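# sequence first, predicted coordinates after that:
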Amino acid sequence: MTTVDTRRLTHLEWLESESIHIIREVVAEFERPVLLFSGGKDSVVMLHLAAKAFWPTPVPFPVLHVDTGHNFPEVIAYRDATVERLGLRLEVARVQDYLDDGRLRERADGTRNPLQTQPLLDAIEGHRFDAVFGGGRRDEEKARAKERIFSLRDEFGQWDPRNQRPELWNLYNGRHTPGQHVRVFPLSNWTELDVWQYIGQEKIELPPLYYAHDREVFERDGMLLSVGEFAQPKDGETVETRTVRYRTVGDMSCTGAVESPARTVEDVIAEVAATRVTERGATRADDRMSEAAMEDRKKEGYF
Amino acid sequence: MGTLLRLATAGSVDDGKSTLVGRLLYDSKSVLADQFDAVERVSRDRGLAQADLALLTDGLRSEREQGITIDVAYRYFATAERSFILADCPGHVQYTRNTVTGASTADVVVLLVDARKGVQEQTRRHLAVSSLLRVPHVIVVVNKIDLVDYDQARYDTVSAEVNATATALGLSDVVTVPVSALAGDNVVTRSGRTPWYDGPSLLELLEQLSPAGEPQSEPLRFPVQLVIRPQQAAGERFRDYRGYAGQIASGLVRVGDPVTVLPSGRTSTVAGIDTADGELSEAYAPQSVTLRLDDDVDIARGDLIVTSRSVPAPTQDVDGTVAWLSDRELRAGTKVLLKHGTRTVQAIVKQVGGRLDLDAAQLRQADTLGLNDIGHVTLRLAAPIAAEEYLHSRAAGAFLLIDAHDGTTLAAGMVGDALLATAAV
């Protein structure tokens, strides 16, 4: 008998393969998918996987950005360049439009992340999107840890954590009735470190603020906020130039930078592998509001 | 870069499963400081002397309020050797639904028993589900060994009981480990308090196990997800390109291999294996690839490409074992959708052939199946599927039953009489 060497995928190959399978299932079974694309690293990786899944055909669905209006300019530039390069259709749902005509009101704390839910749901309904790809990962947060890869939303966009479909083998069930839609999370099983290792392996370009750079920041609630149009220091908060990078990219008024010397993807991988604080704990004021902040927002239809 | 292993944890109420999972995450340094701070804060608020590691895993508000775990939660940790995906399955509520879900994708089930109590009704059920779902490895953690004063005799008794139960359920190589999740004995590092135990710690065991499936020893099964036909969209070079995209469910494929397309039965040869990174000369499960064939055969989503050396016979009559996951009753005459691989067909239940009594590991006479029942059914399909015994192939023998009206997932199905294999011994 001849011995054959055991063939095993590396964990990144395994994750890539699973994600591509998920993305293809959606395109095969849904009429009008869309991919949520913010220019943040998770959505960038998700779009990269979509491009690989259908090669040599272009990505067969549009992308949607829910724009808080509190943007990092370099992220918007990156978003537009990427859409252009891949020949995609970009839809933008603007929180600012809702504030301008009174459908939404600015929150007392100034953060706009929670305000994204309504424009998102309206865009889904308006375009009759039936499958919405999101870059959420289960390692990010406790409520996300319980969400399915195919996550059914009712007519109001709500997630019902007590009544989720069991998800068996790799047989995904995307059935839904008119008015319902399905949120699909191809990166469910990826960790922050996996995402960075994959960015390194695939040489994926990111918005530059993910890497260390000098920036004027001030400290608030233990976070470093960037001085600018959307965040100004109050009395007693001092502005300093520090070498920082961003671990997540969101509403500029509530997304904090971390001090970091990591200027390359290799540096970031080493830093993430050694870090002792979760990315949301370090950099998102809105996720610190309460233990169930994410669960409550998800139930209402948030990402 | 390491490989990946999927595990599912299960246990009875108060076996300390959440504590064990918390311990695995904490001791493998996968819990970060802010998560641990939050757990310490809540533990203090509840008047506990030390951090309750179970709080790391209870994610939903209702779970924290009720102090129980309701739904499967997925956790991630990694060592220098490999990455782990852990499906944490609650034991008491909806145990069939949750353990079947967790076990369906698991390379290994980690089952807890309390060293003081030994094998319980729940233990037997979890072992039965692991056997039914053909999970490749089962590890039984004999927990709370500190509460029996690290007594070797007690461990040996429980271990023998576990092995006898497992053997009766058709599980051959169950491994047991003496553990205190609370104190950390034998979870990540070997404990000095169990000098009579010379085996590996739980984490060492998990690092050594081989994941499910040996691609080179299994026949090729490739469910077609979609046809890639760029036509004008990708330029002149790809104008006539036609590829079949899918994830290899089992086996290995090489360029030049003879293949058969099911259910049509047409044959062809593999002309190319494509990925966005370039052409491959061979690919294996579970890679996602695109196959090109030599002949212009008519292939669509739902077809199955298999090696011509081993061709399953498509059939419209399926005998299967189902874990029923819905409040609605299953009875003869029920119409459903059946999803097998990438193929979804209409089906009608011809007969309910009995319900598995998990405690006695016997099939009992029954005309209906209710929520969390496992039983035997005979189905008639509107179109053929290339069904194979789940016993021989998890990938090619698994199916879902779906409600055609509202899309609810009704059942996890396994082709063939998996019950007999479990219960007959």
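Received it, and whenever you're ready, just let me know what you need.

# all helices for the stretch 51-200 of chain A, in order.
For the stretch 51-200 of chain A, the helices defined by DSSP state H, counting those that start in this stretch occupy A:73-86, A:95-100, A:117-126, A:192-202.

# for chain B, find the nearest of the ones you listed.
Closest of these to chain B is helix A:192-202, at 7.3 Å (criterion: Cβ to the nearest Cβ). C-beta here means a position set from N, CA and C on the backbone, and glycine is covered the same way.

# in that closest one, what's buried?
A:192-199, A:202 (16 or more other Cβ atoms under 10 Å in any protein chain shown).

# these also near chain B: which ones?
A:193-194, A:197 (Cβ under 8 Å from any Cβ of the partner chain).

# please identify which of the residues you listed is nearest to A:Ser38.
A:Asp194 (19.1 Å; Cβ to Cβ).

# ok, for the closest one, nearest residue in space, not its chain neighbours?
Distance criterion Cβ to Cβ, 6 or more residues apart in numbering or on different chains; nearest residue to A:Asp194, sequence neighbours excluded, is A:Leu15 at 5.9 Å.

# flag every residue of the stretch 1-150 of chain A that's near chain B.
A:4, A:6-18, A:20-21, A:24-25, A:27-28, A:51-58, A:138-139, A:142-143, A:145-146.

# so whichever residue of chain A sits closest to chain B versus A:Phe150, what's the distance?
Per Cβ to the nearest Cβ, A:Arg175 is where chain A lies closest to chain B, at 2.8 Å. Distance from A:Arg175 to A:Phe150, counting by Cβ to Cβ, to the nearest Å: 9 Å.

# quick revisit: now, among the ones next to chain B among the buried residues of helix A:192-202, which is nearest to B:Ser210?
Of those, the one sitting nearest to B:Ser210 (Cβ to Cβ) turns out to be A:Asp194, at 21.5 Å.

# work out for me the element the residue nearest to A:Asp194 sits within.
helix A:11-29 (DSSP states H and E).

# starting at the chain centroid, how far to that helix?
17 Å (Cα atoms, centre = their mean, to the nearest Å).

# what does stretch B:80-89 give?
So, by Cα atoms, centre = their mean, the centroid of stretch B:80-89 is 13 Å from its chain's centroid.

# and that stretch, which residues are buried?
Buried positions in stretch B:80-89, judged by neighbour count with 16+ other Cβ under 10 Å: B:82-89.

# identify the farthest-apart pair in these.
Largest separation among these by Cβ to Cβ: B:Arg82 and B:Cys89, giving 21.0 Å.

# so what's the predicted local confidence for B:Ala56?
No Ala there; residue B:56 is Leu. Per-residue confidence for B:Leu56 comes out at a pLDDT of 68.

# now do the contacts for B:Arg124.
B:165, B:169, B:358-359, B:361 (Cβ atoms under 8 Å, 6 or more residues apart in numbering or on different chains).

# my error: substitute B:Asp296 in the last question.
Shown in contact with B:Asp296 (Cβ under 8 Å, 6+ apart): B:Arg242.

# tell me how far it lies from chain A.
Using Cβ to the nearest Cβ, to the nearest Å, we find B:Asp296 at a distance of 18 Å from chain A.

# how about the helices in the stretch 1-150 of chain B?
Along the stretch 1-150 of chain B, the stretches classed as helices by DSSP H, counting those that start in this stretch are B:17-27, B:33-45, B:61-66, B:95-104, B:121-132.

# show me what the longest strand anywhere in chain B is packed against.
Ranked by residue count under DSSP state E, the longest strand found in chain B is strand B:343-357. Strand B:343-357 sits against strand B:315-324, strand B:330-331, strand B:335-340, strand B:362-364, strand B:368-369, strand B:374-385, helix B:418-423, with contacts defined as 3 or more Cβ pairs under 8 Å, 6 or more residues apart in numbering or on different chains; DSSP states H and E.

# could you dump the ones you listed into a markdown table with distance to chain A, mean neighbour count and mean pLDDT added?
Shown next, in a markdown table, are those (distance: least, Cβ to the nearest Cβ, whole Å; neighbours: other Cβ atoms under 10 Å in any protein chain shown; pLDDT from 0 to 100):
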| stretch | distance to chain A | mean neighbour count | mean pLDDT |
| --- | --- | --- | --- |
| strand B:315-324 | 9 | 22 | 95 |
| strand B:330-331 | 15 | 19 | 94 |
| strand B:335-340 | 5 | 21 | 97 |
| strand B:362-364 | 22 | 15 | 83 |
| strand B:368-369 | 15 | 20 | 95 |
| strand B:374-385 | 13 | 20 | 96 |
| helix B:418-423 | 14 | 22 | 57 |
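
# redo these as JSON lines? Include distance to B:Asp198.
Converted to JSON lines, the helices and strands packed on strand B:343-357 look like this (distance: least, Cβ to Cβ, whole Å):
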{"stretch": "strand B:315-324", "distance to B:Asp198": "38"}
{"stretch": "strand B:330-331", "distance to B:Asp198": "49"}
{"stretch": "strand B:335-340", "distance to B:Asp198": "46"}
{"stretch": "strand B:362-364", "distance to B:Asp198": "38"}
{"stretch": "strand B:368-369", "distance to B:Asp198": "46"}
{"stretch": "strand B:374-385", "distance to B:Asp198": "38"}
{"stretch": "helix B:418-423", "distance to B:Asp198": "32"}
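
# out of those, which is closest to A:Asn170?
Nearest to A:Asn170, of these and by Cβ to Cβ, is strand B:335-340 at 11.0 Å.

# I figured B:Thr3 hits A:His11, correct?
Yes - between B:Thr3 and A:His11 there is a contact under Cβ atoms under 8 Å: 6.2 Å.

# tell me how far A:Tyr210 lies from A:Val268.
Counting by Cβ to Cβ, the gap from A:Tyr210 to A:Val268 is 7 Å.

# joint contacts of those two?
Shared contacts of A:Tyr210 and A:Val268, counting by Cβ under 8 Å, 6+ apart, come down to A:Arg245.

# on that earlier part again, what pairs with the longest strand of chain B, parallel or antiparallel?
Sheet pairing of strand B:343-357 (DSSP bridges) gives strand B:335-340 (antiparallel), strand B:362-364 (antiparallel), strand B:374-385 (antiparallel).

# report the contact partners of the nearest residue to A:Arg103 once chain neighbours are set aside.
With sequence-adjacent residues excluded and distances taken as Cβ to Cβ, 6+ apart, A:Arg103 is closest to A:Gln118, at 7.0 Å. Contacts here follow Cβ under 8 Å, 6+ apart; on that basis A:Gln118 touches A:98, A:103-104.

# could you turn the buried ones of those into a ChimeraX selection?
Here is the ChimeraX command that picks out the buried ones among the contacts of A:Gln118, judged by 16+ other Cβ under 10 Å:
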select /A:98,104
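
# export the contacts of A:Gln118 to CSV and tack on pLDDT?
CSV is the format used below for the contacts of A:Gln118 (pLDDT from 0 to 100):
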residue, pLDDT
A:Tyr98, 95
A:Arg103, 94
A:Leu104, 93
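
# residues near A:Val227, how many?
The number of residues packed near A:Val227 is 16, by other Cβ atoms under 10 Å in any protein chain shown.

# before we move on, the earlier item: what average pLDDT does the helix holding A:Leu15 get?
Mean pLDDT, computed over helix A:11-29, is 97.

# A:Ser253 and A:Gln180, how far apart?
Using Cβ to Cβ, A:Ser253 is found at 33 Å from A:Gln180.

# nope, B:Ala245 is what I meant
Counting by Cβ to Cβ, the gap from B:Ala245 to A:Gln180 is 26 Å.

# sorry, back to before: out of the buried residues of stretch B:80-89, which comes closest to chain A?
For the buried residues of stretch B:80-89, the nearest to chain A is B:Ser83 (4.2 Å; Cβ to the nearest Cβ).

# identify the bridge partners of the closest one.
Assigned bridge partners for B:Ser83, using DSSP bridges, are B:Leu4, B:Ala78.
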